[in-house]
Each structure stands twice: as structure tokens, then as C-alpha cells.
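Chemist: For reference, the sequence and a predicted model appear below.
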There are 2 protein chains.
Amino acid sequence: MPVGGAEEKIRDTEILRHFVELSGGDGARIVVIPTASRAKETGESYLSLFRGLGASDGSVLPIESRADCSRKEWIREIESADGVFLTGGNQLRLSTTIGGTPVAFALRRMNRRGMVVAGTSAGAAFMSEHMIAFGEEGASPRADMVTLAPGLGLLDNVIIDQHFRERDRLGRLLAALAFNPNGIGVGLDEDTAAVIGPDNVLRVLGSGAITIVDPADLEFSSMDSAQEHSPVCLIGIKIHVLIADSTFDLTTRVAAPPPHL
Amino acid sequence: MPVGGAEEKIRDTEILRHFVELSGGDGARIVVIPTASRAKETGESYLSLFRGLGASDGSVLPIESRADCSRKEWIREIESADGVFLTGGNQLRLSTTIGGTPVAFALRRMNRRGMVVAGTSAGAAFMSEHMIAFGEEGASPRADMVTLAPGLGLLDNVIIDQHFRERDRLGRLLAALAFNPNGIGVGLDEDTAAVIGPDNVLRVLGSGAITIVDPADLEFSSMDSAQEHSPVCLIGIKIHVLIADSTFDLTTRVAAPPPHL
């Protein structure tokens, strides 16, 4: 369940509440991993939000180093959790600290078994196999505007970008997909979540939109010959802008509007 | 020939030079209409640029009021021009001052007969039948983020937006198309021009990209039921990002990469 960042925490806590409900609702055991953030209080403040939404138990794992990622009692915390929440901050801090460690393996293993993993902003970016490490703003793609890095790998075929509308990130998502038009781009606006179930169907939750960028029918890309700073030519990109309750099947690549519209 | 604004005027004047060449090159008679701009010197500085690029003759028509648009000697200037250039500024000043006047009719009539009309920024926006009057930034469309107004009507089936990458305007272009997915969106980056010939084929010129937004296969739009400030659901938008020498046939809606790639 990747979230586009800046999810509403006071008035309408729909997204955080849904995460608690997916994790089992009342009595759900939630683990917060605040590693992306440099602010000391981030983890605890999320945990108290989740407690306020019905989670009866839980903990914060203040992972700061790769050595922390081998601590047996923390692995056990993850293994006994119903849901894990990755906070925002810097996704490279997540990948350099957690990547390839027992914590990463535990998250992947438990997620396959049904444990809910949510991440907001940097936490969302980190969830896919190929992660946008950093990049530049702008609506049209240029050759060197985005840098990819290996992510946590919970989502195979997807590249996630967040704060999508707010930070003008279509260009860098297109550039990321142009390297290898195998993946599906998922651009998350703020206060918006992609709830992806075991059936690989994505459902939109929240007040913003999710922009799906599907390069399956790409006819031409100049990414292999583009000069530094130069724009990239891409012919035949398909885009869906999805609002709450719309769905996108990540396997069949079929989008559907909200059922009530 | 709509231009995305901020075309290079000193080092590589490719776009302005191409406009002069299309108008006949050496000896071409160029008329500059600086109405969109509030700066007194805009018209004269463009005219001296064009003279430096080979245009031997020309004039600035400092149209400031609707009454100016009936001045017979200015209509004759347009009727004897090889090319007319509309400067940047505010497109609503163009539409409120020139719309429906003898100057507008002269521009349409002469353009149909082969006179070149170029416009940069606001001048580009004004050229289409449906013009983006103003709007908000952002990559995903919302219900009330864009306001359309009737434009000059040289291009029937096209909605132009400019400073496209630089000002993050995909959302407002999508919103503009969502009202009636009949048109084709043309998002022009700065220092980039769309050269549209009598064959209705658009060729890209300049250092940036042109983003073509084609809603022909749109499966669903929630524009009719979207709440104020809320995002709009759009399923099945096609996008092409085109670089210099790419083409897009506005009749058949087929894009082609640069021939040398």
C-alpha cells in the first residue's frame, strides 16, 4: 500500500485508518520503520496515530544502521506484526540502510504471506523493485533527469513516484520507464494511496489522483541515443488518471472507473 | 507555427530564423503584433531580430484597443505581409482586444491563403479555436483548474499549452481536453515550435519537446460529475513526447520519430 505522502492525519484519516483496518483493525499489531526520516519523533507520532485508530499494540524500530538490520529481536517484531509502515524522508536512506539485510528479507517474506506493508512518500518509492532514487521536476522526459536504484522489491513490475501532482514528476516517471518500457508507472498524488491486493489489482484511496503510465504499446523511444539534458522522444504512451475507487489491474493492465460513476 | 515561449534570440535563433524562411526568407515582409505584451519595446525588438535574420521589410502594429483593429491601414499591412508574429504576454489581452474584429478576420483569411502566422507563449495559445485562458499548475487534472476561451481559430482541433515542461501544465491540458475529448492537446516546451503545414502535419523544431495528448481512445471521463477542486478520472489517454524533427499528423493522429533515429 504505497501512499503519495502528506496523508491527512487529523481531519479525515481515511488512508491511515484503512491501513489499520487492512492489518486487522482493533488489536492489530503495527510496526513503524522511521529510517527514511531524520526527525526523531516521526516513528512515535505515527504509532500513536495508529493506536488512536484502533491498533492495540505495536512498536517503532528505530533502525539507523545496517547492523541494526540484523538485530534478532527486531526481526521478530516484524515477523509478529500484522502491518508495517515505512515513513517518509529519503528513499536512499532506506535502500542503503535496509537493502539486502535480514530486515528486507523479513519484509518480503512476511508480505508474501499476507502481512500488510504501507509506505508514504520515500517509503512508497522504496517498495518497488526499481526505485526512483532522485530526479528533476518537469512534465516532459529528459535523458538524465532520473536516477534509478534497486528497491525493496515488494512490487515487481511497477515504478512508483510520489508527491506526483504537487512536484510535477511526470517527466521523471516517463524517463524512468523509458530505460526499459517493461514496467508500469504509478504516480501518486499526496493524500492518495494505491491499495494493491494479492490479486495484483490496484485500488485508489484518498483525495488525489493516481496517474498510471503504461508503456506497453510504446512504438518508439530515443532513450538509447538521447544526449545529456536533451528531451527523450516517446511515441505511444498510455495514461490513465484514476480517482478514489477506480481500479487498475497490474496483470491485465485494464483500468476501470469508480463503480458508482 | 505556435512556439512554447522563451525561444532563443541570441545564440541559436533556429525558431525565429525558420519563421523568416517560411515567410520567404530574404525580403520577407513581417508584421509583429505585440498586443499580448505590456512592454512598449517588445514589438520593435522582435522586428529588429527578424530584420537581422533577413526580413527586409515589415512593421509593428501596436494594437491597443478594439477600435485599433478596424484601422484600414493596419488591415492592409496584414494583407500585404508574408508572415505575422504574435508576441507573448497575456492571451486574454489578445482575445479581448482582437477577437471578432477585422484584424482577426484578416489573419484567418490570409493564413488560409498561405500567410505564415507564428505566435510565442500567449501568442501560441491564442492561435487555436479553443484557447487556455488561464489555469493552475500540476501534473494531474482537477475539475476547475483550467478556463477555456474562444481563440483566433487558425487551428481547429487543437488545444495549445506553452512553457509546458517549465510550468508543469499537463494537468490543465488534460482538464481542458476532458471537457470535450474531441481535440488534440499540444504541450510546447520553451524554445520549441510546432510547424504546422497546409497538410495538417506538425513538425517539431527547437531544443525542447512537444507533448501530444490524444484523447481519441478515451474510455471514461468523470469531468461531468467532478466536484470543485477534485481530481478528474480519465481512462485511456494516449501521449507522445516528440523531439526535433518528429512529426504528428493532426488528421490521422499518427506520430513518427525523427527520420535519422
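Modeler: Structure's in. What do you need? Residues are numbered from 1 along each chain as shown, chains lettered A, B, ... in the order given.
Chemist: Please identify the buried residues of the host helix or strand of A:Gly43?
Modeler: Element membership of A:Gly43, judged by DSSP states H and E, is helix A:42-52. Within helix A:42-52, the residues that count as buried by 16 or more other CB atoms under 10 Å in any protein chain shown are A:42-43, A:46-47, A:49-50. Using the backbone N, CA and C atoms, a C-beta is placed for each residue, glycine as well.
Chemist: Identify all contacting residues around it.
Modeler: A:9, A:13, A:16, A:19-20, A:28, A:30, A:32-34, A:37, A:58-62, A:85, A:87, A:89 (CB atoms under 8 Å, 6 or more residues apart in numbering or on different chains).
Chemist: Closest residue of the stretch 51-200 of chain A to chain B?
Modeler: Scanning the stretch 51-200 of chain A for the residue nearest chain B gives A:Asp168, at 3.7 Å (criterion: CB to the nearest CB).
Chemist: That residue reaches A:Ser140, doesn't it?
Modeler: No - contact criterion CB atoms under 8 Å: A:Asp168 and A:Ser140 do not qualify, at 10.5 Å.
Chemist: Those two: which is more packed in?
Modeler: A:Ser140 (28 against 23; other CB atoms under 10 Å in any protein chain shown).
Chemist: A strand includes the more buried one, no?
Modeler: No - under DSSP: H, G, I helix; E, B strand; the rest coil, A:Ser140 falls outside any strand and is assigned coil.
Chemist: Going along the chain, name the helices of chain A.
Modeler: A:14-22, A:42-52, A:72-79, A:91-98, A:102-112, A:122-125, A:170-179 (DSSP state H).
Chemist: what comes up buried for the fourth one?
Modeler: Put plainly, it is helix A:91-98. Neighbour-count burial for helix A:91-98 [16+ other CB under 10 Å]: A:91-95, A:97-98.
Chemist: Can I get it in PDB, CA atoms only?
Modeler: Output of helix A:91-98 as PDB, limited to C-alpha atoms (Å, rounded to 0.1, in the frame of the first residue of the first chain):
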ATOM      1  CA  GLN A  91      14.400   6.700   0.000                       C
ATOM      2  CA  LEU A  92      18.100   6.300  -0.500                       C
ATOM      3  CA  ARG A  93      18.500   6.100   3.300                       C
ATOM      4  CA  LEU A  94      16.000   3.200   3.200                       C
ATOM      5  CA  SER A  95      17.800   1.400   0.400                       C
ATOM      6  CA  THR A  96      21.300   1.900   1.700                       C
ATOM      7  CA  THR A  97      20.400   1.000   5.300                       C
ATOM      8  CA  ILE A  98      17.900  -1.800   4.800                       C
END
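Chemist: Quick check: residues of the stretch 101-250 of chain A near chain B?
Modeler: A:137-141, A:164-166, A:168-171, A:174, A:187, A:189, A:207-209, A:211, A:219-220, A:222, A:225, A:230-243, A:246 (CB under 8 Å from any CB of the partner chain).
Chemist: Got a quick PyMOL command for the buried subset of these?
Modeler: Per 16+ other CB under 10 Å, the buried members of those correspond to this PyMOL selection:
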select buried, chain A and resi 138+139+140+141+164+165+166+168+169+170+171+174+187+189+207+208+209+211+220+222+230+231+232+233+234+235+236+237+238+239+240+241+242+243+246
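Chemist: residue nearest the centroid of chain A?
Modeler: In chain A, the centroid-proximal residue (CA atoms, centre = their mean) is A:Ala124; its distance is 2.2 Å.
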